[in-house]
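In: Just a sequence and a predicted model for now, questions to come.
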Amino acid sequence: MKISCGTDIIEIERIQKSIENLGEKFLQTIFTEEEREYCEARKAQKYQHYAARFAAKEAAFKALSGAMKEGMDWQLFEVKKCENGKPELNINCDVKNLENVEISISHCKQYAVANVVATFKEPAQFFDSHAHYNDEKFEEDREKLLEQIYEENITKVTCVGYDVKSSEFAVQIANEYDFVYATVGISPNDIENLTICEIDKIRALAKNDKVVAIGEIGLDYYWNKENKEIQQEFFIRQIELADALNLPIVIHCRDAVMDTLEILKHKINPKKRGIFHCCMLNPELIKEAVKLGFYISFSGNITFKSAKPKEAIDEVPLDRILIETDSPYLTPEPFRKARNDSRNVKLVAQKIAEIKGLQWEEIAKITYENAKKIYGIT
């Protein structure tokens, strides 16, 4: 909960002179019709009541201006008397995340004083645990988009590398934006014509303070069936690199469940574990991955009309679940034809909340903390 306060004190004489000099023009600008009727009915003390309401409006603007879209307009605020005699502030505009507002006013012969205390809901924050802002699809508007994302409460993003060039760019972006972190690695779809020594370049990049994992790495037999042994060697060598640097790994696995699990179970067991990114909706894979200590990350594909995610998502304990967009890919419903970006991670959270029987704000908080934990972010 966030609290904001506003206080104002004004001389009665100042308000009296304004009313006497400007008359109806001043009154109609500052006060609502109901306020004017109330103050005029106070007869000898009408100027004190006008001044108290003037101070209340000033105090209200001080307390609420940071959450208001509109500028100062006196008619946006109206001071009324409740049945119990206490003043009440009516606000005639939208104030972002406002939960409650309390007002107190008082006056003596010379001064009127008003205090406004506003409480705001803390907006849910989201962590997009896997996105590719190093992709050329963001070339035209990357800077503007990242600013918009942060304003939409996506307050942490991991920009994921998939080869040396994209890993370099991920680190560059992370260094430019406080809320962006980077992973570096060579994916199974990007090892063609590479030698294993390319991993030395990844090693050098991984020493940057904003690098939080080695990835995305893994196996993909959907797109590449002819180089399985080379994929496995790159996968194992990069897990060894992650172990040497005490970093988690980010796993890409497509149509290669058995070999992926075989490597993780019997050939090399990552010290810091890591994440199965954009995890296949395969309950058996998820069961085994959770047993091995991995986190499971879901993307926009769980919202697709053809998807049946409930059984898979039910297999993931709340302390192991993550959300991601894989931007610019895998745009969730109902925006599937558009380029994806981190703002859509909210739709992933909503779908998981629906399946888990929780509020989406709870999923946002849980996945935020989970991502910080696995990535070692304080």
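Out: Structure's in. What do you need?
In: Residue 45 - that's part of a strand, no?
Out: No - counting by DSSP: H, G, I helix; E, B strand; the rest coil, residue 45 is not found in a strand; it is helix.
In: Could you measure from it over to residue 53?
Out: Residue 45 sits 13 Å away from residue 53, going by Cβ to Cβ, to the nearest Å. All C-beta atoms are positioned from the backbone trio N, CA, C, and that covers glycine.
In: Give me the contacts around the helix or strand residue 28 falls within.
Out: According to DSSP states H and E, residue 28 maps onto helix 24-30. The contact list for helix 24-30 (Cβ atoms under 8 Å, 6 or more residues apart in numbering) reads 18, 19, 36, 53, 54, 57, 74.
In: from the chain's centre, how far out does stretch 186-204 sit?
Out: 32 Å (Cα atoms, centre = their mean, to the nearest Å).
In: To clarify, my last question referred to stretch 236-250.
Out: The chain centroid and the centroid of stretch 236-250 are separated by 28 Å under Cα atoms, centre = their mean.
In: For that stretch, list every residue counted as buried.
Out: Across stretch 236-250, burial judged by 16 or more other Cβ atoms under 10 Å covers 237, 238, 239, 241, 242, 243, 245, 247, 248, 249, 250.
In: From these, which land in helices?
Out: 237, 238, 239, 241, 242, 243, 245 (DSSP state H).
In: Closest to residue 201 out of these?
Out: Residue 201 has its nearest neighbour among these in residue 241, at 11.0 Å by Cβ to Cβ.
In: Pull up the gap between that closest one and residue 337, please.
Out: For residue 241, the distance to residue 337 - Cβ to Cβ - is 38 Å.
In: cool, and residue 314?
Out: In terms of Cβ to Cβ, residue 314 sits 30 Å off from residue 337.
In: Counting neighbours, go ahead and name the busier of the two.
Out: residue 314 (11 against 6; other Cβ atoms under 10 Å).
In: Now do the contacts for the more buried one.
Out: Here residue 314 is in contact with 355, 356 (Cβ under 8 Å, 6+ apart).
In: In space, what's closest to residue 112 - neighbours in sequence excluded?
Out: Distance criterion Cβ to Cβ, 6 or more residues apart in numbering; nearest residue to residue 112, sequence neighbours excluded, is residue 51 at 3.7 Å.
In: Please, where are all the strands along the stretch 101-250 of the chain?
Out: Per DSSP state E, counting those that start in this stretch, the stretch 101-250 of the chain carries strands over the ranges 111-120, 126-131, 154-160, 180-184, 211-220, 249-254.
In: Dump those to a markdown table, plus distance to residue 320.
Out: Formatted as a markdown table, the strands of the stretch 101-250 of the chain follow (distance: least, Cβ to Cβ, whole Å):
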| stretch | distance to residue 320 |
| --- | --- |
| strand 111-120 | 32 |
| strand 126-131 | 12 |
| strand 154-160 | 17 |
| strand 180-184 | 18 |
| strand 211-220 | 16 |
| strand 249-254 | 14 |
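In: Nearest to residue 9, out of the ones you listed?
Out: Comparing the strands of the stretch 101-250 of the chain by Cβ to Cβ, strand 111-120 comes nearest, at 4.8 Å.
In: quick one on the thing from earlier: compare residue 45 and residue 53 and say which is more crowded by neighbours.
Out: residue 53 (28 against 13).
In: Need phi/psi at that one.
Out: phi -70, psi -40 (degrees, to the nearest 10).
In: Quick check: it vs residue 274, distance?
Out: 60 Å.
In: For stretch 160-178, buried residues please.
Out: Neighbour-count burial for stretch 160-178 flags 160-164, 166-171, 173-174, 177 (criterion: 16+ other Cβ under 10 Å).
In: and which of those residues is nearest to residue 187?
Out: residue 162 (4.0 Å).
In: Name the nearest residue to the closest one, ignoring sequence neighbours.
Out: Nearest to residue 162 is residue 187, by Cβ to Cβ, 6+ apart, at 4.0 Å.
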